[in-house]
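*Asks:* Everything below, folded, please.
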Amino acid sequence: MTYQELENQIIQLQEEGLELFNAGKSVLGKNILATHVGEYSGPQVLIQGGIHAREYITALLLVEMARNLHNNDSVKGGGIYFIFLTNPDGAQICLDGIDFLNCDITKNYLLSANNGNTDFSQYKANVNLVDLNTNFDADWGKGRQNVFCPATEDFVGFYPNSEREVLSLINFTLQTKPSLTISYHTKGNIIYYGFDNENEKNIARDQNIGESFSELTGYPLVFTENSTGGYKDWCIEKLTIPAYTFEVGDENLPHPIGIESLPEIYNRNKDVPLLALQKAIEFSKDIDFTNPFMQNINIGVKKNESNEESYCARIFSKLSRRSTDRCSNNKRW
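*Replies:* Numbers count the residues shown, from 1 in each chain. The predicted model follows:
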């Protein structure tokens, strides 16, 4: 599969009547495409995939989910947002290699991090060599596998929320105010819930909901340990909402998981969005989106945007502006 073929699978949804819009931009100016099913009033669920480059099969999973729920009368009392590919730059590097990049400095930088290997099929990071699911401001830098130098995986960034994709997802989440979020990853056939900084009442709530997901999919439910800085962690710590990481695909499958595994993954997960919406409706009354902590998050995001950019981000700044200028829709989403 090429990156263009992957993107075409998402864009095809427009021809089937689903409205696509931008949840933000990548470092290189790519649109982070999203859609919505159901009602905009009432509790909302946010489901995102493809935050790790080599896990692009999760984007295809979300495409099938959105297609299945389009014009589905079962989506009542709220709605579901799907963000298909949170890391489009990384996915293109994984699928196409680095020849598409216009800058030799960038190519050499990425090649050096990949030990001189032109095969980027195992790549997880964004184009800045930051592992996006370690870059969120939720016990940032305290994970067991975190690294602190640019790398193809596990590099936390030079400071929390440093990456354009991360800020896009944060801002979109604050804008849409979901009552529950799910992040799709590969692999392991397992569901992670909870976070060390979460209070006991919310942990019990999240376990209760998670057990329903476990029963539906057959995936075991496990409390998160020694993993920080992820989107799930940020949602739990900053927004106090239930949030989950689904690791799909058998542990014995190699990365990246091939599309031949998609039917089995989809069959086990196709009803997850509706169950998530049902649980969001049930528990949304306990979530306060007007509390002062939420307002402080908005202030914090603005402050981070004014921080000094990382070395790699500075390399790409001109390239990003050119990419953005070439986009027909260059307005902020």
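*Asks:* Next, count neighbours for the residue nearest to Thr224 when sequence neighbours are not counted.
*Replies:* Using CB to CB, 6 or more residues apart in numbering and skipping the chain neighbours, the partner closest in space to Thr224 is Tyr192 (4.8 Å). Bear in mind the C-beta positions are built from the backbone N, C-alpha and C, glycine included. Look at Tyr192: counted by other CB atoms under 10 Å, it has 24 neighbours.
*Asks:* Just confirm Tyr192 is within a strand.
*Replies:* Yes - according to DSSP: H, G, I helix; E, B strand; the rest coil, Tyr192 belongs to a strand.
*Asks:* Any figure for the gap between it and Asp286?
*Replies:* 21 Å (CB to CB, to the nearest Å).
*Asks:* go on, Thr186?
*Replies:* Going from Thr186 to Asp286 by CB to CB gives 32 Å.
*Asks:* ditto for Glu215
*Replies:* Relative to Asp286, and taking CB to CB, Glu215 is found at 22 Å.
*Asks:* ditto for Glu39
*Replies:* 20 Å.
*Asks:* In the stretch 101-250 of the chain, mark out all the helices, start to finish.
*Replies:* Listed in chain order, the helices of the stretch 101-250 of the chain (DSSP state H, counting those that start in this stretch) span 104-113, 164-176, 200-217, 231-234.
*Asks:* next one: the last one to chain centre, how far?
*Replies:* Taking CA atoms, centre = their mean, to the nearest Å, the mean C-alpha location of helix 231-234 is offset from the chain mean by 10 Å.
*Asks:* what does it rub up against?
*Replies:* Residues from elsewhere that reach helix 231-234 (CB atoms under 8 Å, 6 or more residues apart in numbering): 48, 51, 133, 136-139, 169-170, 181, 183, 192, 195, 224, 227, 243-245.
*Asks:* if you look at the residues you listed, which of them are in strands?
*Replies:* Of the contacts of helix 231-234, the ones assigned to strands by DSSP state E are Gln48, Thr181, Ser183, Tyr192, Ala243, Tyr244, Thr245.
*Asks:* of Thr186 and Asp286, who's got more company?
*Replies:* Neighbour totals were compared for Thr186 and Asp286, and Thr186 leads with 25 against 13 (other CB under 10 Å).
*Asks:* Report the contact partners of that one.
*Replies:* Thr186 neighbours (CB under 8 Å, 6+ apart): His52, Arg54, Glu55, Ile57, Thr58, Glu247, Val248, Gly249, Leu253, His255, Pro256, Ile257.
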